[in-house]
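# quick one, fold the following:
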Amino acid sequence: MIDQRYTTFLILTKTKSYTKTAKKLFITQPAVTQQVKSLEKELQLKLVEYHQPHLKITERGEKLASFVNNITNQQEEFINYLKNPDLQKEIVFGATKSVAIFMVPKVIEEFSHDFDKINCTVTNTERILSMIDDGKLDFAILEGNFNKQVYSYYPMQRERFVCVANADNELTKMAKIDINQLLNQTLILRENGSGTRCILYNWLKSLNLSFSDFNQVISFNEPTGIIELIKKNVGISFMYESLALQEIANGNLQEIKLSGMDIFRTMNLVYSRNNYFANYFNHLFCD
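Residues are numbered from 1 along each chain as shown. Okay, the predicted model is just below:
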């Protein structure tokens with residue numbers, strides 16, 4: 001369906017090499033060069049800058065590649081839809097780890113009434129967005145930051161971002177504390193690429209602070225594992241309130257009330273830009 005020149009250009013943007021692109025397409029290197037030049041001539045746009053041995057995709061070239069990638073990923077799904085418009089039996093989506101605990105079980109329960117196959121991938125924000133880019137996910141439920149110019153999205157629910165500690169931690173007994181009173185604590189963090197880690201990093205940065213200002217820092221990529229560490233009084237952490245509500249209700253955890261910390265984030269349904277199935281995805285959650 002898509003002009004071969006666009007496919008060739010898309011692969012070139014990923015390999016950054018005419019030789020590697022030619023090998024992937026089983027054509028000659030001059031053929032790759034000719035197709036790209038033909039595309040540039042037709043569009044009257046400079047897509048590639050080549051200063052041996054470095055190849056650089058121009059800003060407009062990157063935008064074109066993103067559009068072509070989006071169309072390519074939707075092509076097979078769209079054809080299947082045309083063949084069987086009433087048979088939407090399988091859905092593949094992603095979710096970040098925090099969301100997977102307090103939102104996804106209910107989502108899967110609702111999907112189970114309409115789909116024969118449900119596949120949910122749980123990983124961090126960075127990886128989820130990469131999978132959307134590669135066409136491996138229909139959509140994702142994200143709590144982390146993402147480029148709203150690159151992806152389409154539908155707001156789902158707002159979540160409060162809080163600091164939590166073991167209920168025996170003396171700081172939980174105080175009406176309000178300053179962030180500097182927290183720095184002698186052990187901070188338990190999510191891994192690099194996590195949305196919650198990014199939120200905390202940016203908030204601390206606005207206060208001219210960093211993770212290294214804490215007494216000790218522990219990184220752990222599982223939210224449930226972090227909660228268990230807090231219950232053992234190993235340290236304190238920052239997370240969405242819904243993630244800690246059950247343990248707070250059980251009396252195991254308590255919020256540390258920090259001055260100047262009033263952070264809310266929207267959980268978003270996220271999918272590729274200009275997705276043909278956007279209305280369908282939104283419809284799944286707005287009823």
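
# which parts of the stretch 1-150 of the chain are helices?
Counting by DSSP state H, counting those that start in this stretch, one finds helices in the stretch 1-150 of the chain at the ranges 4-15, 18-25, 29-43, 59-83, 97-102, 104-111, 125-133.

# ok, which of these comes nearest Asn119?
Closest to Asn119 of those is helix 104-111 (C-beta to C-beta; 10.1 Å). Bear in mind the C-beta positions are built from the backbone N, C-alpha and C, glycine included.

# using PDB, write out every CA atom in the closest one.
What follows is helix 104-111, C-alpha atoms only, in PDB (Å, rounded to 0.1, in the frame of the first residue of the first chain):
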ATOM      1  CA  VAL A 104      -5.200  -2.700  35.000                       C
ATOM      2  CA  PRO A 105      -7.000  -5.500  36.800                       C
ATOM      3  CA  LYS A 106     -10.300  -3.700  36.500                       C
ATOM      4  CA  VAL A 107      -9.600  -2.900  32.800                       C
ATOM      5  CA  ILE A 108      -8.900  -6.600  32.000                       C
ATOM      6  CA  GLU A 109     -12.000  -7.700  33.900                       C
ATOM      7  CA  GLU A 110     -14.100  -5.400  31.600                       C
ATOM      8  CA  PHE A 111     -12.200  -6.500  28.500                       C
END
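
# next, the buried residues of it.
Neighbour counts over helix 104-111 (16 or more other C-beta atoms under 10 Å) mark 104, 107-108, 111 as buried.

# which one of the residues you listed is nearest Tyr18?
Val104 (43.1 Å).

# quick one on the thing from earlier: what's the closest of the helices of the stretch 1-150 of the chain to Val162?
helix 97-102 (12.2 Å).

# hmm, who's touching the closest one?
120, 122-124, 141-143, 190, 194-196, 221-224, 239-240, 242-243, 267 (C-beta atoms under 8 Å, 6 or more residues apart in numbering).

# kindly report the same for stretch 222-236.
So stretch 222-236 is contacted by 97-98, 101, 163-166, 168-169, 171, 182, 185-188, 190, 216, 218, 220, 237, 239, 243-244, 247, 252-253, 256 (C-beta under 8 Å, 6+ apart).

# those residues, buried ones only, as a PyMOL selection?
Buried members of these, defined by 16+ other C-beta under 10 Å, are picked up in PyMOL with:
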select buried, resi 97+98+101+163+164+165+166+169+171+182+185+186+187+188+190+220+237+239+243+244+247+252+253+256
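
# tell me which of the contacts of stretch 222-236 fall in helices.
Among those, DSSP state H puts 97-98, 101, 243-244, 247 in helices.

# any chance of a markdown table for these, columns distance to Asp3 and pLDDT?
Listed next are the ones in helices among the contacts of stretch 222-236 as a markdown table, based on distance: C-beta to C-beta, whole Å; pLDDT from 0 to 100:
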| residue | distance to Asp3 | pLDDT |
| --- | --- | --- |
| Lys97 | 40 | 87 |
| Ser98 | 42 | 87 |
| Ile101 | 45 | 89 |
| Leu243 | 47 | 93 |
| Ala244 | 52 | 94 |
| Glu247 | 56 | 96 |
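
# hang on, the earlier thing: from the contacts of stretch 222-236, which ones fall inside strands?
163-166, 186-188, 216, 218, 237, 239, 253, 256 (DSSP state E).

# most widely separated two among those residues?
Farthest pair in those, by C-beta to C-beta: Gln216 and Leu253, 19.1 Å.

# hmm, back to that, please convert the buried members of the contacts of helix 97-102 into PyMOL selection syntax.
Of these, the buried ones go into a single PyMOL selection, burial set by 16+ other C-beta under 10 Å:
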select buried, resi 120+123+124+141+142+143+190+194+195+196+221+223+239+240+242+243+267
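
# got any ranges where this structure has weak pLDDT?
For the chain, applying pLDDT under 70 flags the ranges 1, 73-88, 274, 276-278, 286-287.

# tell me the domain ranges of it?
Domain assignment of the chain by automatic domain parsing yields the ranges 4-70, 82-157+266-286, 160-262.

# can you give me the end-to-end distance of the last one?
It stands for domain 160-262. In domain 160-262, first residue to last residue: 8 Å (C-alpha to C-alpha, to the nearest Å).

# what's the answer for stretch 18-35, then?
11 Å.

# again, but for stretch 7-25
9 Å.

# what residue is smack in the middle of the chain?
Thr125 (2.8 Å; C-alpha atoms, centre = their mean).

# need the nearest residue in space to that residue, chain neighbours excluded.
Gly144 (3.2 Å; C-beta to C-beta, 6 or more residues apart in numbering).

# OK, contacts around that neighbour?
Counting by C-beta under 8 Å, 6+ apart, Gly144 has contacts 96, 124-125, 194-196, 198-199.
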